[in-house]
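In: Starting from these lines, generate the structure:
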Amino acid sequence: MEELPLGLGMALAQHPEAMARFAALPETEQQAVINGAHAVRSKEEMRSYVERLTN
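Out: Model (predicted):
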């Protein structure tokens, strides 16, 4: 699996529920989340992206 982008890791660290959900995902789904994070261009957008993991 590819390493977490810095912005994704920071956003997950600030949202423990999303971090727990991310950690529980199968590796292939974690990779899909990481891949999607590469398209995020702002801190606010990343926060929203991470919050969607809990919905």
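In: Give the buried residues for stretch 2-10.
Out: 4, 7, 8, 9 (16 or more other Cβ atoms under 10 Å). Yep, even glycine has a C-beta here, placed from its N, CA and C like the rest.
In: how far is that stretch from where the chain is centred?
Out: Relative to its parent chain, stretch 2-10 has a centroid offset of 7 Å by Cα atoms, centre = their mean, to the nearest Å.
In: do stretch 37-52 as well
Out: Mean-position distance between stretch 37-52 and its chain equals 8 Å (Cα atoms, centre = their mean).
In: With stretch 28-43 instead?
Out: Put simply, stretch 28-43 sits 6 Å off its chain's centre (Cα atoms, centre = their mean).
In: Contacts for it, please.
Out: With contact meaning Cβ atoms under 8 Å, 6 or more residues apart in numbering, stretch 28-43 is reached by 1, 2, 4, 5, 7, 8, 11, 22, 25, 46, 49, 53.
In: and the longest helix seen in the chain, average pLDDT?
Out: Across the chain, the longest stretch assigned as helix under DSSP state H is helix 27-37. Averaged across helix 27-37, pLDDT comes to 97.
In: Among the buried residues of stretch 2-10, which pair sits farthest apart?
Out: Spanning the widest gap among those are 4 and 7, at 9.0 Å by Cβ to Cβ.
In: rewinding a little: which SSE is immediately downstream of the longest helix of the chain?
Out: The element immediately downstream of helix 27-37 (helix or strand, assigned by DSSP states H and E) is helix 43-51.
In: What angle do helix 27-37 and that following helix make with each other?
Out: 160 degrees (axes from the mean of the first three to the mean of the last three Cα atoms, to 10 degrees).
In: For helix 43-51, buried residues please.
Out: Using 16+ other Cβ under 10 Å as the test for burial, helix 43-51 gives 46, 47, 49, 50.
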